[in-house]
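Colleague: need a 3D model of the following:
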Amino acid sequence: MDSNRKKFDMVVCGGTFDHLHKGHKEFLRFVFSLSSEAVIGLTSDRYIKDHKVDDGILPYEERKRELIYFLKQESLFKRAIIVKIDNLYGPTLQTQFPLQAIVISQETKKGAEEINFKRKKLRLSPLEIIIAPFVKGENNKTISAFDIRRGIIDREGKLYIKPIWISQSLQLTDRLRVLLKEPFGQLMKGEKNLIQKSKSFRVSTVGDVTTKLFNDLSLGQNISVVDFAVGRKKKFSKLTQLGFLGKEEVIEVNNPASFLTPSLFCAATKAFSLSYQKKKVIIKVNGEEDLAVLPLVLAAPLGSVIWYGQPKEGIVRVIVTEETKQKAYEIAEQFSFNTRGH
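Modeller: Residues are numbered from 1 along each chain as shown. So this is what the prediction gives:
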């Protein structure tokens, strides 16, 4: 028997394939290991609008481009037929495709059974249902685009906040001190007008001056990080002096100057978790918050915006993307470990 001969001539699979990741790639490789050809149902923007509740899913054309690019890289594109789908059934009821099997993930088994029920009513032969193996990330969960959009993992399943960072403090090195004097994001001028035009679905501020400015302008940031100091000199003693109303959730942490403590990483993660519940959160730092931008970027969902002040220059806007999260990760990895600062 020919070792290259496939079990099937044509199978079907489907999905959103958002932020095409390691799990998607292994799924597609599995599909093509079974069949000479595969019909891939790719959910439309309309389908997502009707069925998905999570934000941040990439537009159809971008998802299709990423899918095609991968298939070409793997020399699979000529064996693939990509079909836009607006409903569960997609191409599975169309007689022009001589389908023999449907490849699914464990959580979509019910949908495959519904497709076979519909095929039976139309006097079409049922499709063999094949469940593809899943791929786990560093968090020991199946890699998902949901966790990627939430900023928890990258497309390879790597955690953006390493487990050791929530058990041992990181200390700034002299080389990094010089590097971090440069703005992490885009330095903005005329900040009042620019901030008003830059509202995002999730906004954070770092620093007392920036936070007070946002509160004075009623910009309604989701998360604020303050330490009651300006230029390392104590200036405030109460949250109301920064314009807070007293209805916010307050997380208090200890974080000495030049350190990133486990409690600061945990506070950033908790703050974003609370923000999904529409809560306003203040991280009150006992010590210094100058480095808090890094844990915030690493904990933030994609599409978030973080603002912080650049002394004597203006205000910096950091748009949280996969690239900025990777940059923050690489910087944090260069900190040294130190048991002080817990």
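
Colleague: which segments of this protein make up each domain?
Modeller: 8-149, 163-338 (automatic domain parsing).

Colleague: how about these, which one is nearest G157?
Modeller: domain 8-149 (2.7 Å; C-beta to C-beta). (C-beta placed from N, C-alpha, C; glycine too.)

Colleague: what's the span of the closest one from first residue to last?
Modeller: 35 Å (C-alpha to C-alpha, to the nearest Å).

Colleague: in CSV: the domains of the chain, plus distance to G157 and mean pLDDT.
Modeller: CSV is the format used below for the domains of the chain (distance: least, C-beta to C-beta, whole Å; pLDDT from 0 to 100):
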stretch, distance to G157, mean pLDDT
domain 8-149, 3, 95
domain 163-338, 13, 91
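
Colleague: what secondary structure does V178 sit in?
Modeller: Under the three-state scheme (DSSP: H, G, I helix; E, B strand; the rest coil), V178 adopts helix.

Colleague: kindly apply the preceding question to N87 instead.
Modeller: With three-state DSSP as the criterion, N87 reads coil.

Colleague: which non-adjacent residue is nearest it?
Modeller: Spatial nearest neighbour of N87, excluding adjacent residues (C-beta to C-beta, 6 or more residues apart in numbering): Y47 at 6.9 Å.

Colleague: can you pull the contacts of that neighbour?
Modeller: I85, D86, N87 (C-beta atoms under 8 Å, 6 or more residues apart in numbering).

Colleague: export those residues to TSV and tack on distance to V305?
Modeller: Shown next, in TSV, are those (distance: C-beta to C-beta, whole Å):
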residue	distance to V305
I85	33
D86	33
N87	35
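
Colleague: filter these down to the buried ones, ChimeraX style.
Modeller: One line in ChimeraX is enough to select the buried members of the contacts of Y47, burial here meaning 16 or more other C-beta atoms under 10 Å:
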select :85
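
Colleague: just the element for V103, please.
Modeller: For V103, the host element (DSSP states H and E) is strand 101-104.

Colleague: which residues touch the helix or strand following that strand?
Modeller: Counting by DSSP H and E, the element after strand 101-104 in chain order, helix or strand, is helix 109-121. For helix 109-121, contacts defined as C-beta under 8 Å, 6+ apart pick out L88, Y89, T92, L93, I102, I104, S125, P126, L127, I129, I131.

Colleague: now with 6 Å, please.
Modeller: Residues outside helix 109-121 that contact it (C-beta atoms under 6 Å, 6 or more residues apart in numbering): L88, T92, I102, I104, P126, I129.

Colleague: just flag the most distant two among these.
Modeller: So, the contacts of helix 109-121 by C-beta to C-beta: farthest apart are L88 and P126, at 15.6 Å.

Colleague: between those two, point out the one with more neighbours.
Modeller: L88 (18 against 14; other C-beta atoms under 10 Å).

Colleague: how many other residues sit next to the nearest residue to the more buried one once chain neighbours are set aside?
Modeller: Counting by C-beta to C-beta, 6+ apart, L88 lies nearest to G111, which is 5.5 Å off, once chain neighbours are set aside. Applying other C-beta under 10 Å, we find 15 residues neighbouring G111.

Colleague: if I look at G111, how far off is L28?
Modeller: To L28, G111 is 18 Å away according to C-beta to C-beta, to the nearest Å.

Colleague: kindly report the same for L217.
Modeller: 48 Å.

Colleague: more neighbours: the two, which one.
Modeller: Under the criterion of other C-beta under 10 Å, the comparison of L217 against L28 puts L28 first, with 24 against 13.
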